[in-house]
Each structure stands twice: as C-alpha cells, then as structure tokens.
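Visitor: Fold the following and give me the result.
(one chain, ligands or ions: 3)
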Amino acid sequence: QEKQRIQVLLQQAIINEELYLLYQPQVSLHNNNIVGCEALVRWKPKGEAEISPNEFIPIAEESGQIDALGEWVLKEVCQQIAQWNQLIDFKDVKISINVSVRQLTTDKFRSTLIKQLEIHDISPKQIEIEVTETAMSTNYDKLVEELEKIHQLGVYISMDDFGTGHASLDNLRKLPLDKLKIDRSFIQDIGIDQCDEDITKVIITIAKKMSLELVAEGVETIEQLAFLSGEDCDNIQGYYFSKPITAEQLLSYLQDNENLFEDKFDSYHLYLEQQDSA
Ligand code: C2E
Ligand code: MG
Ligand code: MG
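Guide: Ligands and ions are numbered 1, 2, ... in the order given. All right, here's what the predicted structure looks like:
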C-alpha cells in the first residue's frame, strides 16, 4: 500500500515542483580542493514530510517513473551548470549525476544528454555519470554499449557503491570506467572492523591497478580520513567535509575553493601529529 501511495504521489511530483537537488562536494586529497560534486535528488510532497531517495528511487525504478524523474534531474543539473558557467570558472569540477541502469538501457538518456549539452553550451567534461553496481546484472550488454557511447562524448563514468553489488571483476574490466566509489558501508567500520579495512585496501589496490580514480563515500571522522589518506585514496565525499548543500551554497564554496576546508585539514594534521607523538 505504501508503495502504491508513493507511486501515486510521484506522478504529481514533477508537475507540482516538489523535487529539488542538493550537491555534495568531493574533496581531493592531492590539492585539498573541491574537484567534484554529486547531485542528489530530494522530494518533499505537498503537505507531507520529505521522503528519502533510498525509499522512492527503488519504487520509481520498479514502476518506470525513474525515466521521467531521471530526465528531470539531468535537465535540472545542466541548467544549473549553465547558470554557474555564467558566474564562475569551475571547469575542473565535475558534477556527477546518479543514473539508473534502467535509464541507460534505452537511447533516450543519451539523446537527452546530448541535447542538453548543446542547448546550454556545456562541455561534456563537466559531467560525470554514476552507475550503481547493485543493478549491474540486468541487460548488461546494452548497458556497456550505451556507457561506451556516452564515454566517447567525453563524459566521465563512475561506478557507485562499489563492493556491495553484482559487478564481477570481469564486468569491471569491460565497462568504460574512469572512477570507483567505495561504498559507505566499508568506510563506516574503519577503526572498528579489521575486515572492512582490509576490503577497503583491496578496493583501493584494484582501482590503482586499473588506473581508476577513487572516491570514498560517507567519510565522517578524522580516523576514517587518516586511514584513507594513508592508503592513498584520491578523493573524499562525506559529512567530515560537507553534507549535501544547496546550489547557492555550492556556488559560494566554489568561489572560495582555494583553502575552503583549511580548518578541517588543520584539525586533521593536528590529529596526525598527536598520533605520531603518542
Ligand atoms: P548514493 O549515490 O550512494 O549517494 C550517497 C548517499 O550517501 C546520499 O544519500 C548522501 O546524502 C549520503 N551521504 C553522503 N555522505 C554521507 C556521510 O558522511 N554519512 C552518511 N550517513 N551519509 C552520507 P541520499 O542523498 O539519501 O541518496 C541515497 C541514494 O539515492 C543515492 O545513493 C543514490 O543511489 C540514490 N539517488 C539520489 N539521487 C538520485 C538521482 O537523482 N537519481 C537516481 N537514479 N538515484 C538517486
Ligand atoms: Mg551516487
Ligand atoms: Mg554511493
């Protein structure tokens, strides 16, 4: 019943303008700057409390509503990038979009993407697509074909939630990937569970061997940051640096990108010194 209720509400979500996007920064451990931002959809149905994407995205995928929702997200992100391009030079920062595998098994996503890039005069290099590993098993050949065409445009491709789903190492080898995102479930047990630490190290090694850029998701603590930095992880996404923020907030972050997280890195270096002397 709850699923049906959500499906009915979702039908009105776009028309009623109930959807909006937040952006979560990804911080490079090589230069301490924001190098990417993930667009995350939010939904507040009229007269109701917010519903989490963890709840409504799987329902929308099942019902097929993800096609319209995903198109809305893509158009919204492109419009936003065009607006930022008028105001600042942030060409080195990629904006990543979560794309459901279902969306990628038709040509519609790619044709809309190409059209949006043209309309808004956006370089494909400003866009990154995140594909979730949990959905890798379905319609695999079509997925590879579409991702290859999108990759050829110059769009960056990243594998989301790596380590939790169905992607075999063989799949990993065949996909045109640029980046791997280590799932939060491994990160959150760093310092607690030796096994999760070991898995994280192995994922980092795989990514390095395959020349893939790495992002660790859900980094909340200095201890997690220290571990990942020690293992030479490239980028960090998580509450330690920033929760998902509005487009306005992100604009001011990007305008101040140099030294933006100086205090966070200062506390981190202080922590390392204390560890050394202990
Ligand atoms: P995801 O793509 O793996 O996104 C990361 C999730 O982790 C986000 O949850 C983010 O808010 C959360 N997160 C980031 N850092 C931290 C942290 O330090 N601690 C904790 N506890 N959480 C953190 P969110 O926004 O609720 O999104 C959930 C999932 O919904 C996403 O997981 C993604 O799979 C899906 N999703 C979100 N937006 C879209 C979209 O536009 N299209 C599609 N197809 N899926 C989306
Ligand atoms: Mg994601
Ligand atoms: Mg993820």
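Visitor: Show me which residues of the helix or strand of the chain with the lowest mean pLDDT are buried.
Guide: Ranking every helix and strand in the chain by mean pLDDT, DSSP states H and E puts helix 169-174 at the bottom, with a mean of 83. With burial defined by 16 or more other Cβ atoms under 10 Å, the residues of helix 169-174 counted as buried are 171, 172. From N, CA and C alone the C-beta is placed, and that goes for glycine too.
Visitor: Now the element after it, going C-ward?
Guide: strand 179-182 (DSSP states H and E).
Visitor: for that following strand, the distance to its chain's centre please.
Guide: In terms of Cα atoms, centre = their mean, to the nearest Å, the centre of strand 179-182 is found 9 Å from the chain centre.
Visitor: How about stretch 214-230?
Guide: That offset, for stretch 214-230, works out to 16 Å (Cα atoms, centre = their mean).
Visitor: Can we start the residue count at 591 from this point?
Guide: Sure thing, new numbering starts at 591, so read that last one as stretch 804-820.
Visitor: neighbouring contacts of it?
Guide: Applying Cβ atoms under 8 Å, 6 or more residues apart in numbering, the contact partners of stretch 804-820 are 616, 619, 626, 748, 751, 769-774, 777-778, 780-781, 787, 790, 793-794, 797-798, 823-831, 857-858, 861-862, 865.
Visitor: OK, contacts around residue 848?
Guide: Counted by Cβ under 8 Å, 6+ apart, residue 848 has contacts residue 623.
Visitor: I meant to write residue 855 there.
Guide: With contact taken as Cβ under 8 Å, 6+ apart, residue 855 is in contact with residue 622.
Visitor: Please apply the same query to residue 658.
Guide: Here residue 658 is in contact with residue 604 (criterion: Cβ under 8 Å, 6+ apart).
Visitor: avg pLDDT for the helix or strand containing it?
Guide: In this assignment (DSSP H and E), residue 658 forms part of helix 656-677. Taken as a whole, helix 656-677 carries a mean pLDDT of 97.
Visitor: on that earlier part again, so which of the contacts of stretch 804-820 reach ligand 1?
Guide: Filtering these for proximity to ligand 1 by Cβ under 6 Å from any ligand atom leaves 751, 774, 827, 828, 829.
Visitor: Tell me how far residue 850 lies from ligand 1.
Guide: Remark: distance between residue 850 and ligand 1 (Cβ to the nearest ligand atom, to the nearest Å) = 17 Å.
Visitor: hang on, the earlier thing: where helices are concerned, which of the contacts of stretch 804-820 count?
Guide: 774, 777, 787, 790, 793-794, 797-798, 857-858, 861-862, 865 (DSSP state H).
Visitor: So which of those sits lowest on pLDDT?
Guide: Ranking the ones in helices among the contacts of stretch 804-820 by pLDDT, residue 865 lands last with 91.
Visitor: how about the residues of the chain that lie near ligand 2?
Guide: Taking Cβ under 5 Å from the ion as the contact definition, the chain meets ligand 2 at 688, 720, 750.
Visitor: Close to ligand 3: what parts of the stretch 741-868 of the chain are there?
Guide: By the rule Cβ under 5 Å from the ion, the part of the stretch 741-868 of the chain lying against ligand 3 is 750, 751, 807.
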